[in-house]
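1. Any chance you could fold what I've pasted below:
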Amino acid sequence: MYRQLMDVYGDVSCMDVKNVRKWCREFATDRIESHDEERSRRLSIYGESVVKVEQILRENRWITPNDLCILVPDVSRSTIHRVLSEKLQYRKVCARWVPRMLREDHKRQPSL
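-> This is a model prediction of the structure:
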């Protein structure tokens, strides 16, 4: 089977032997479709962690990621960093967390 796939698709776009054997086993048993089966979803605390981190950040803009790790112990340091930089789009300026893109109404507000 693998050699037939190699003849048709070539080296670049052909799946490896391990996957070909896996799919052959699946179809030899009961499988009739090549679509992915429904899987149980992993529980995500990402949404909850965004809310927690944002609430703490609004109270104290000078907080460090290490302090956030202590205050939110169920979230890893890498997740906290991802929440700060990607989801909330904050960055550190002069030891203070600020939004990455300030809107006009933010620019008019006096800074603390």
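2. Could you report the pLDDT at the residue nearest the centre of the chain?
-> Closest to where the C-alpha atoms of the chain average out (Cα atoms, centre = their mean) is R82, at 7.8 Å. For R82, the model assigns a pLDDT of 84.
3. what's the answer for P99, then?
-> If you check P99, the pLDDT there is 70.
4. now I70
-> pLDDT, I70: 92.
5. again, but for D74
-> pLDDT, D74: 83.
6. can you check E26 too?
-> pLDDT at E26 comes out at 85.
7. who does the helix or strand where it lies touch, helix- and strand-wise?
-> Assessed by DSSP states H and E, E26 sits inside helix 17-29. Contact partners of helix 17-29 among helices and strands, from 3 or more Cβ pairs under 8 Å, 6 or more residues apart in numbering; DSSP states H and E: helix 2-13. (C-beta placed from N, C-alpha, C; glycine too.)
8. What angle do helix 17-29 and the helix it packs on make with each other?
-> Angle of helix 2-13 versus helix 17-29, following axes from the mean of the first three to the mean of the last three Cα atoms, to 10 degrees, is 130 degrees.
9. circling back to that earlier point, and the strand or helix carrying the residue nearest to the centre of the chain, how far out from the chain's middle?
-> Using DSSP H and E, the element containing R82 is helix 77-82. Put simply, helix 77-82 sits 10 Å off its chain's centre (Cα atoms, centre = their mean, to the nearest Å).
10. Okay, buried residues for that helix please.
-> Buried positions in helix 77-82, judged by neighbour count with 16 or more other Cβ atoms under 10 Å: 79-80, 82.
11. same thing with stretch 9-27?
-> Counting neighbours by 16+ other Cβ under 10 Å, stretch 9-27 gives 14, 20 as buried.
12. mind saving the C-alpha coords of it as PDB?
-> Taking C-alpha atoms only, stretch 9-27 is exported to PDB below (Å, rounded to 0.1, in the frame of the first residue of the first chain):
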ATOM      1  CA  TYR A   9       2.200  11.100  -4.800                       C
ATOM      2  CA  GLY A  10       6.000  10.900  -4.600                       C
ATOM      3  CA  ASP A  11       8.300  11.500  -1.700                       C
ATOM      4  CA  VAL A  12       7.100  15.000  -0.800                       C
ATOM      5  CA  SER A  13       3.400  14.700  -0.300                       C
ATOM      6  CA  CYS A  14       3.100  11.100   0.700                       C
ATOM      7  CA  MET A  15       2.300  10.200   4.400                       C
ATOM      8  CA  ASP A  16       4.900   8.100   6.200                       C
ATOM      9  CA  VAL A  17       4.700   4.300   6.600                       C
ATOM     10  CA  LYS A  18       3.500   4.500  10.200                       C
ATOM     11  CA  ASN A  19       0.400   6.400   9.300                       C
ATOM     12  CA  VAL A  20      -0.300   4.200   6.300                       C
ATOM     13  CA  ARG A  21      -0.200   1.100   8.500                       C
ATOM     14  CA  LYS A  22      -2.500   2.900  11.100                       C
ATOM     15  CA  TRP A  23      -5.100   3.700   8.500                       C
ATOM     16  CA  CYS A  24      -4.900   0.200   7.000                       C
ATOM     17  CA  ARG A  25      -5.600  -1.300  10.500                       C
ATOM     18  CA  GLU A  26      -8.500   1.200  11.000                       C
ATOM     19  CA  PHE A  27     -10.100   0.300   7.700                       C
END
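13. No further questions, thank you.
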